[in-house]
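Q: I need the structure of the sequence given here:
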Amino acid sequence: MIRIRKAEDRGHFDHGWLDTYHTFSFADYHDPDFMGFRSLRVINEDRVQPNRGFGTHGHRDMEIISYVLEGALGHGDSMGTGSVIRPGDVQRMSAGTGVMHSEKNASDELVHFLQIWILPERHGITPSYEQKAFPPSDQLRLVASHDGRDGSLTIHQDIDLYTATLRDGASVSFDFRPDRYGWVQVARGSVTLSGQKLNAGDGAAVEKEPKVTIAGDGEVLLFDLN
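A: Sure thing, here's the model as predicted:
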């Protein structure tokens, strides 16, 4: 079964400096039908104006992934990390026992990114930070996993996160292991997911499907979840 979450049905708030869409319930947006999917808790699509951003604030017991589509996102935290995340980079911050951090537009142009929250496998993990660059690929490329295999980031949860950038109607297929679930998020462009059309901002929950095929012209994220 494939259940589509259309982009226009997401929560939306325009704060002037921040234009944000919430796939799942978040902050002042509440949808009892979309509280998350398995251990995937948040997918926010944010556009932040130049020289603006999220001031220092705290998190705990959450795996947080930032995926930049356009511009540059500046990051600072109480672990002493200072970095800039650009397109092609994937950042993972494990809040664990508690982290203070800030995220700000580090350029004179709009920064457009996805912020993803994943529930960790346990509470009280030691906070940590990781960031890597992954060149665009027309195949599903593993960028984050529980065991950090194949050069991927390490997530403290049984999740594999893949990305792919498809061109000219190219297609990729993914086989799910038994009793696994999927979430597909379209970051840019338009694709078909096993024949169903998805546009930028759309997402889809995949349940009891042994295999999916993604085709089209677009950038997608695929979460393989327990």
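Q: How confident was the prediction at the most centrally placed residue in the chain?
A: For the chain, the residue nearest the mean C-alpha position is residue 116 (4.1 Å; C-alpha atoms, centre = their mean). In this prediction, residue 116 carries a pLDDT score of 98.
Q: all numbers from here: first residue = 416
A: Let's use 416 as the start, then, which means that last one is residue 531.
Q: which secondary structure element contains it?
A: Residue 531 belongs to strand 526-533 when elements are defined using DSSP states H and E.
Q: I'd like to know which elements that strand is packed against.
A: Contacts defined by 3 or more C-beta pairs under 8 Å, 6 or more residues apart in numbering; DSSP states H and E place strand 526-533 against strand 455-463, strand 478-485. (Each C-beta comes from the backbone N, C-alpha and C, glycine too.)
Q: and stretch 510-517, how far apart are its ends?
A: 13 Å (C-alpha to C-alpha, to the nearest Å).
Q: again but with stretch 542-552, I slipped
A: Across stretch 542-552, the terminal residues are separated by 30 Å (C-alpha to C-alpha).
Q: how distant is it from the center of its chain?
A: When distances are taken as C-alpha atoms, centre = their mean, to the nearest Å, stretch 542-552 is centred 12 Å away from the chain's centroid.
Q: What residues sit buried inside it?
A: The neighbour-count criterion (16 or more other C-beta atoms under 10 Å) identifies 542, 544-546, 549 as the buried residues of stretch 542-552.
Q: now the closest residue to residue 602 other than its chain neighbours, what's its secondary structure?
A: Ranked by C-beta to C-beta, 6 or more residues apart in numbering and with sequence neighbours excluded, the top spatial neighbour of residue 602 is residue 634, at 4.4 Å. Per DSSP: H, G, I helix; E, B strand; the rest coil, the local secondary structure of residue 634 is strand.
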